[in-house]
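In: The sequence and its predicted three-dimensional model are supplied below.
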Amino acid sequence: MYIEQMESMMERYKIFMKRFELSDDFMAQMAVEQMKTQLGQFGMTPQQMFDQMNMTLDRMRSQIPD
């Protein structure tokens, strides 16, 4: 249940961030740049963050006993 909720949340967050990227609003653009800057400090891009989260959830799913 937790994994499914996390997957749903990550999908919604990805859509939310894409809307910010496409927005002309100054504050939306600032939020996107701030996220890129913060992730950049860890050597990651937003796409890499989403990919890493998906890999983590896949790994969690594979460890669930049948």
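Out: Structure received. Numbering: from 1, shown residues only.
In: can we go C-alpha only for contacts and neighbour counts from here?
Out: OK.
In: Output stretch 4-19 as PDB, nothing but the C-alphas.
Out: Extracted as PDB, the C-alpha positions of stretch 4-19 are listed here (Å, rounded to 0.1, in the frame of the first residue of the first chain):
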ATOM      1  CA  GLU A   4       1.500   2.400  -4.400                       C
ATOM      2  CA  GLN A   5       0.900   5.700  -2.500                       C
ATOM      3  CA  MET A   6       4.400   6.800  -3.000                       C
ATOM      4  CA  GLU A   7       4.200   6.000  -6.800                       C
ATOM      5  CA  SER A   8       1.000   8.000  -7.000                       C
ATOM      6  CA  MET A   9       2.500  10.900  -5.100                       C
ATOM      7  CA  MET A  10       5.700  10.900  -7.300                       C
ATOM      8  CA  GLU A  11       3.500  11.000 -10.400                       C
ATOM      9  CA  ARG A  12       1.500  13.900  -9.100                       C
ATOM     10  CA  TYR A  13       4.700  15.700  -8.100                       C
ATOM     11  CA  LYS A  14       6.200  15.200 -11.600                       C
ATOM     12  CA  ILE A  15       3.100  16.700 -13.200                       C
ATOM     13  CA  PHE A  16       3.200  19.600 -10.600                       C
ATOM     14  CA  MET A  17       6.800  20.400 -11.500                       C
ATOM     15  CA  LYS A  18       6.200  20.200 -15.200                       C
ATOM     16  CA  ARG A  19       3.300  22.700 -14.800                       C
END
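In: Give the rounded mean pLDDT of that stretch.
Out: Model confidence over stretch 4-19 averages 93 on the pLDDT scale.
In: Find the helix or strand that the spatially most central residue of the chain is a member of.
Out: Nearest to the mean C-alpha position of the chain, counting by Cα atoms, centre = their mean, stands F50 at 4.0 Å. Element membership for F50 (DSSP states H and E) is helix 46-62.
In: May I see the buried residues of that helix?
Out: Buried residues in helix 46-62, counted by 16 or more other Cα atoms under 10 Å: P46, N54, L57.
In: Fine, thanks again, bye for now.
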